[in-house]
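Asks: Turn this into a model:
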Amino acid sequence: QVQLVESGGGLVQAGGSLSLSCVASGRTFSSYTMGWFRQAPGKEREFVAAISASGDFTYYTDSVKGRFTISRDNAKNTVTLQMNSLKPEDTAIYYCASDRRSTQVVSRDGYAYWGQGTQVTVSS
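Replies: Take a look at the predicted model:
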């Protein structure tokens, strides 16, 4: 069983930055693909970014490319989502997710483990 705990959410003005962190339990973190998803009010949870177990490959949804950066520190069981140039449409609850597979990294179905989420609010 993997437990994920997110932190770093908050309120920021448009154009500002936030850094989200997700700490995972267990000793096999380096074997897991890690992802970030978000869910805005009234909308479905959507893919934001993912990183391979080794950290060699990253994936982003088009709307955040060039603004968000996903990274991981396998020694600290941590994955980070650095969010710059934030926009009001980035407002959502952000969820960390993990899975040992790497075949559906942009799909909710590709992740077995989820955190509780952290709220990000971007004011205009």
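
Asks: For my notes, confirm residue 70 occurs in a helix.
Replies: No. Counting by DSSP: H, G, I helix; E, B strand; the rest coil, residue 70 is not part of a helix but strand.

Asks: Would you mind confirming that it makes contact with residue 47?
Replies: No. Using CB atoms under 8 Å, residue 70 is not in contact with residue 47, being 11.4 Å away. C-beta here means a position set from N, CA and C on the backbone, and glycine is covered the same way.

Asks: what do these two both touch?
Replies: Contact criterion CB atoms under 8 Å, 6 or more residues apart in numbering; no residue bridges residue 70 and residue 47 by contacting each.

Asks: how about the strands of this protein, start to end?
Replies: Here the chain has its strands, by DSSP state E, at 4-7, 10-13, 18-24, 33-39, 46-51, 58-60, 68-73, 78-83, 92-99, 113-114, 118-123.

Asks: Quick one: closest of these to residue 105.
Replies: Ranking the strands of the chain by proximity to residue 105 (CB to CB) places strand 46-51 first, at 4.2 Å.

Asks: Note down every partner strand of the closest one and its orientation.
Replies: If you go by DSSP bridges, strand 46-51 pairs up with strand 33-39 (antiparallel), strand 58-60 (antiparallel).

Asks: For residue 99, which of those strands is the nearest?
Replies: Of all these, strand 33-39 sits nearest to residue 99, with 5.5 Å by CB to CB.
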